[in-house]
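Chemist: Using only what follows, build the 3D model:
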Amino acid sequence: MSELPPDLPRLRTLETWLVLSLDRVRRKIAEAERHEAEKQRGERDRPPAPDWLIEMGLGGRAPVYVHVGGCHMAGKRSRGVTDDQARRALWEQVPPCPHCHPDGVLGVLD
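Modeler: Numbering: from 1, shown residues only. Here you go, the predicted structure:
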């Protein structure tokens, strides 16, 4: 026994509904593909993580810590710096992060 209606008008109605449904699915697929391409492009074009970070105090005042880039303890107020800037900060008594130990990596031990 067929699940499809036997008469032509209902078959045409079903066909129209299926075409409209397929169009909606295809639009959703295209939208998902665009989103995935944008995500991949964003990941590909993301600038590299800085090698060194300086974490600033509240209000952007004095530096609080020097971190190795990617340190899990670096706060949101951290900014990327060059290795020379990180060394200079350590020489100027900005404390090294006690978790990532940038002073050892940079060779600036007390």
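
Chemist: in this protein, which helix has the most residues?
Modeler: Longest helix in the chain by number of residues (criterion: DSSP state H): helix 8-45.

Chemist: now that helix: mean pLDDT?
Modeler: Average pLDDT, helix 8-45: 97.

Chemist: Note down every partner strand of the helix or strand just after it and its orientation.
Modeler: Counting by DSSP states H and E, the element after helix 8-45 in chain order, helix or strand, is strand 52-56. Note on strand 52-56: by DSSP bridges, its sheet partners are strand 63-68 (antiparallel), strand 78-81 (antiparallel).

Chemist: roughly how far out does the shortest one sit from the chain middle?
Modeler: Mean-position distance between strand 78-81 and its chain equals 17 Å (C-alpha atoms, centre = their mean, to the nearest Å).

Chemist: Residues in contact with it: which ones?
Modeler: Contact with strand 78-81 is made by 49, 50, 51, 52, 53, 54, 55, 56, 67, 69, 89, as judged by C-beta atoms under 8 Å, 6 or more residues apart in numbering. For the C-beta atoms, the positions are set from N, CA and C on the backbone; glycine is no exception.

Chemist: Good, we can wrap up now.
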